[in-house]
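Engineer: Would you be able to build a 3D model of this:
(2 chains)
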Amino acid sequence: MEFDLLFKAFATVMLEPKNFFLIFAGVTSGIIVGALPGLTATMGCALLIPFTFGLPPVQGLLMLIGIFCGGIYGGSISAILIRTPGTPSAAATLLEGYPLSQKGQAGKAIGMATVASFVGGTTGALIMSFLSPQIARIGLEFGPPEFTALAFFGLGMIITISGRSLLKGIISGIFGLMLTIIGFDPLSGVPRFTFGSEDLLGGITFIPALIGLFGYAQVFRNIEKMQILPHVRSKVEKVLPKIAEVLGSLKTMIKSALIGAFIGSIPGTGCDVAAFIAYGECKRSSKNPQSFGTGVLEGVAAPEAANNAACGGAMIPMLTLGVPGDAVTAVLLGALTIHGMQPGPLLLRDHPEVVYPIFAGMIMAQAVLLVVGLSGARVFARLINIDRKVLTPVIFFLCVVGSYAMQFSFWDVGLSLIIGVIAYFMEYYDYPVSPILLALILGPMAEQNLRRSLIISRGDPSIFITRPISAAFIVLAIVVIISSYYRLKKTQARMAEMTQECDLPSKPE
Amino acid sequence: MQKTDVGVGAGLIGFSAWVYWYAGTYRAATIYFYGPNFFPQSLAFLMAVSAGILIYQGAKGRNLEPCETIHLRGFVRMLTAIGMCIAYLVLMQFVGFAISTCVFLYALMSFLGKKGVIAKVFPAVLTSLIVWAIFRYFLIIPLPTGEFSFTF
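Structural biologist: Purely as a prediction, here's the structure:
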């Protein structure tokens, strides 16, 4: 690590107004794009690349990094306010964020999400800057068994987000995995469960499924309950969380940031996986896990810290190996190539004048995100006071537009509507929808790598336990699953006891 | 909830059996032992087992009481809103994005009981124009223009 180059890069980024302005513009537009359901940070970066052609490489990349970081954070705003994550990485945030906004604490939730994103993003950017070569070396050791074990670990988190019924959570998760088998088989290319439809060849597109599960389902519930539920006016109180609340969640934020940076650095995983794993860990290690789902600030802090830290993590393999960490870094890789630079081990050596400003820009973007997020949070939180008879149709419309925008396809809109109807009924019968989302994210990774591993080992499953990293993930997953199961049972037993005590008639004196 | 769990469990077992059988037709399409049928059939098996446990729990009465029930009139209202959305998507193909969106939003707000013409027209027009402008000038994503290209 060349500290003099890093300080020089900071000076370049901060003291040149144009560089600073481009980061600001990138972060602000990223937040707006990320907050709108269906418009992801990936889409924002991909569509804005042509605007960077006329800019020098550093400035173009600074703007794209701003969009990346702002987009990942922006998804939390819609997740908290309208229960529709703007980006997949904010899907874990809504689990606690939306209940908080229902309690009239939307501003506090957004404030905490902003602070957590700043802490996580800064941690991830610092890790990226200082540990790039070392972390990339570990990621190089990952083969199919390790990816399978990681997917197993992630799917085990289903246990922690299953809500009231563990079995129904598992059924939801398996249903989600079944959705991922539609389309081309990733290894042999055989079309599966397409029934001759060209639209199904690509499988169930993730963003329309996400909008269906969380957007449409909520819109349908709003319409159904509109006449009977009173309109809850959101108290737009102080956005700045109390110092005590921030300090109380700081340990969670830093732990989640470390999880996020590590998960993000593994190619193919991404910010959404990091967010769910961090949320699951936060709930598992909490003293009051039964309160999760009712609006716990730490439950907002954990996924937000993780998903923003994963931004920095995802940049590591892209910069050092030329392998993108997720979809957005794949776009950034394309941007680097367009500007005449080849990402990989030689990039740091041959173009430090580009790489170190990227490090500095990433750190600066977090500070800009904190200021823009906190100053704009009240504006966003006020959205919830708008009359539901106006807001619900607008959200309905945004869901239509969001599911259309991904592939300019009405098929996606229809698919999204169908998934929304299914999710609507599922929630009424205690089938949680969060495991479906987790399964959609991890299913393809699980299948591909499981089959590859078994082909490599000629059907011998011991390949998963003879390789140390894979074995470590599996042991971790089993420990997490068992401890979460017992904790859930204990909580259910305690609640049953409490219910019995309340029902007992009082003894006469 | 007991009958629902048993019914859903039975349905899921039937669904799993169909998936297992259908996925088996892919076996001949490839030389790999762990071919395209492996994962679907594994999932179908796991689903059938889970559904069996669900039926058992339902039959024994070991299930949770539902937190909420579906409000019938609200449910009909929801179905009507979905129908309006489908009509909106059809209309968009003819008159384009902006006009159909204004009509859809106005109609849905009216259906949900919003009073006041201005209070409905203003948000409907503003929303559709803002989103249209973002897509057209900022994101440069094409939106349907319908049969009448002069309508944006």
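Engineer: Let me know the secondary structure of the residue of chain B found nearest chain A.
Structural biologist: When scored by CB to the nearest CB, chain B has B:Gly74 as its residue closest to chain A, at 3.4 Å. All C-beta spots, glycine's among them, are computed from the backbone N, C-alpha and C. Secondary structure state of B:Gly74, per DSSP: H, G, I helix; E, B strand; the rest coil, is helix.
Engineer: Quick check: it touching A:Phe220?
Structural biologist: No: contact criterion CB atoms under 8 Å: B:Gly74 and A:Phe220 do not qualify, at 9.4 Å.
Engineer: In terms of packing, which of the two has more residues around it?
Structural biologist: Higher neighbour count among B:Gly74 and A:Phe220: A:Phe220, with 26 against 19, using other CB atoms under 10 Å in any protein chain shown.
Engineer: how about stretch B:84-91: buried residues?
Structural biologist: B:84-85, B:88-89, B:91 (16 or more other CB atoms under 10 Å in any protein chain shown).
Engineer: out of those, which touch chain A?
Structural biologist: Applying CB under 8 Å from any CB of the partner chain to the buried residues of stretch B:84-91, one finds that B:85, B:88-89 fall near chain A.
Engineer: Among these, which are located in helices?
Structural biologist: The helices, defined by DSSP state H, take in B:85, B:88-89 from those.
Engineer: Quick check: closest non-adjacent residue to the one residue sitting closest to the centre of chain B.
Structural biologist: Nearest residue to the geometric centre of chain B (CA atoms, centre = their mean): B:Ile82, 9.5 Å. Nearest residue to B:Ile82, sequence neighbours excluded (CB to CB, 6 or more residues apart in numbering or on different chains): A:Leu417, at 6.6 Å.
Engineer: after the helix or strand containing the one you found, next one along is what?
Structural biologist: Assigned by DSSP states H and E, A:Leu417 belongs to helix A:410-428. For helix A:410-428, the succeeding helix or strand toward the C-terminus, using DSSP H and E, is helix A:434-456.
Engineer: after that next one comes which helix or strand?
Structural biologist: Moving toward the C-terminus from helix A:434-456, the next helix or strand (DSSP H and E) is helix A:463-466.
Engineer: buried ones in that next one?
Structural biologist: Those would be A:463-464, for helix A:463-466 by 16+ other CB under 10 Å.
Engineer: Contact distance from chain B - what residues of the stretch 351-500 of chain A qualify?
Structural biologist: Residues of the stretch 351-500 of chain A lying near chain B by CB under 8 Å from any CB: A:387-390, A:392-394, A:396-398, A:400-401, A:405, A:408, A:410, A:413-414, A:417, A:421, A:424, A:428-430, A:447, A:450-451, A:454-455, A:459.
Engineer: I'd like to know which of the residues you listed are buried.
Structural biologist: Buried subset of these (neighbour count, 16+ other CB under 10 Å): A:388-390, A:392-394, A:396-398, A:400-401, A:405, A:410, A:413-414, A:417, A:421, A:424, A:430, A:447, A:450-451, A:454.
Engineer: So A:Gly202 lies in a helix, does it not?
Structural biologist: No: checked against three-state DSSP, A:Gly202 lies outside a helix; its state is coil.
Engineer: Could you pull up phi and psi at the closest residue to it other than its chain neighbours?
Structural biologist: Using CB to CB, 6+ apart and skipping the chain neighbours, the partner closest in space to A:Gly202 is A:Gly183 (5.6 Å). Main-chain torsions, A:Gly183, degrees, to the nearest 10: phi 110, psi -160.
Engineer: Surely A:Gly183 touches A:Ser197?
Structural biologist: No: counting by CB under 8 Å, A:Ser197 is not a contact partner of A:Gly183; they are 10.2 Å apart.
Engineer: Neighbour count: those two, which is higher?
Structural biologist: Neighbour tally, A:Gly183 and A:Ser197, criterion other CB under 10 Å: the higher count belongs to A:Gly183, 19 against 11.
Engineer: Identify the residues contacting the more buried one.
Structural biologist: By CB atoms under 8 Å, 6 or more residues apart in numbering or on different chains, the residues touching A:Gly183 are A:191-194, A:200-204.
Engineer: any idea which of the ones in helices among the ones next to chain A among the buried residues of stretch B:84-91 is closest to A:Met226?
Structural biologist: B:Cys85 (16.0 Å; CB to CB).
Engineer: Verify the contact between the closest one and B:Ala107 for me.
Structural biologist: No: B:Cys85 is beyond contact range of B:Ala107, at 10.3 Å (criterion: CB under 8 Å).
Engineer: Beyond the helix or strand of chain A with the lowest mean pLDDT, next helix or strand please.
Structural biologist: Least confident helix or strand, chain A: helix A:41-48 with a mean of 66, by mean pLDDT, DSSP states H and E. Heading C-terminal from helix A:41-48, the first helix or strand you meet, by DSSP H and E, is helix A:57-82.
Engineer: mind checking how far that next one is from the chain centre?
Structural biologist: In terms of CA atoms, centre = their mean, to the nearest Å, the centre of helix A:57-82 is set 13 Å apart from its chain centre.
Engineer: So which bits of the following helix or strand past it are buried?
Structural biologist: Downstream of helix A:57-82, the next assigned helix or strand under DSSP H and E is helix A:94-102. Within helix A:94-102, the residues scored as buried using 16+ other CB under 10 Å are A:94-101.
Engineer: Contacts for helix A:94-102 next, please.
Structural biologist: A:76, A:79-81, A:83-85, A:106, A:108-109, A:113, A:161, A:214, A:232, A:234, A:279, A:292-300, A:303, A:381, A:384, A:434.
Engineer: I'd like the distance from the helix or strand following that helix to the chain centre, please.
Structural biologist: Under the assignment DSSP H and E, the closest C-terminal helix or strand after helix A:94-102 is helix A:106-140. The chain centre lies 13 Å from the centre of helix A:106-140; the measure is CA atoms, centre = their mean.
Engineer: pLDDT of helix A:106-140, averaged?
Structural biologist: Taken as a whole, helix A:106-140 has a mean pLDDT of 82.
Engineer: Who are the packing partners of it?
Structural biologist: When contacts are defined as 3 or more CB pairs under 8 Å, 6 or more residues apart in numbering or on different chains; DSSP states H and E, helix A:106-140 packs onto helix A:57-82, helix A:94-102, helix A:243-264, helix A:297-321, helix A:352-381.
Engineer: Rebuild these as CSV, extending it with mean pLDDT.
Structural biologist: CSV is the format used below for the helices and strands packed on helix A:106-140 (pLDDT from 0 to 100):
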stretch, mean pLDDT
helix A:57-82, 87
helix A:94-102, 89
helix A:243-264, 89
helix A:297-321, 88
helix A:352-381, 84
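Engineer: which of these sits most buried?
Structural biologist: Greatest average neighbour count among the helices and strands packed on helix A:106-140 goes to helix A:297-321 (a mean of 32), per mean count of other CB atoms under 10 Å in any protein chain shown.
Engineer: show me what contacts the residue positioned nearest the centre of chain A?
Structural biologist: In chain A, the C-alpha closest to the average C-alpha coordinate belongs to A:Ser89, at a distance of 1.6 Å (CA atoms, centre = their mean). By CB under 8 Å, 6+ apart, A:Ser89 lies in contact with A:72, A:75, A:270-272, A:274-275, A:303, A:307, A:310.
Engineer: Kindly report the same for A:Pro85.
Structural biologist: By CB under 8 Å, 6+ apart, the contact list for A:Pro85 reads A:37, A:75-76, A:78-79, A:91, A:93-94, A:210, A:214.
Engineer: So it versus A:Phe397, what's the distance?
Structural biologist: 17 Å (CB to CB, to the nearest Å).
Engineer: what does B:Met78 give?
Structural biologist: Distance from B:Met78 to A:Phe397, by CB to CB: 16 Å.
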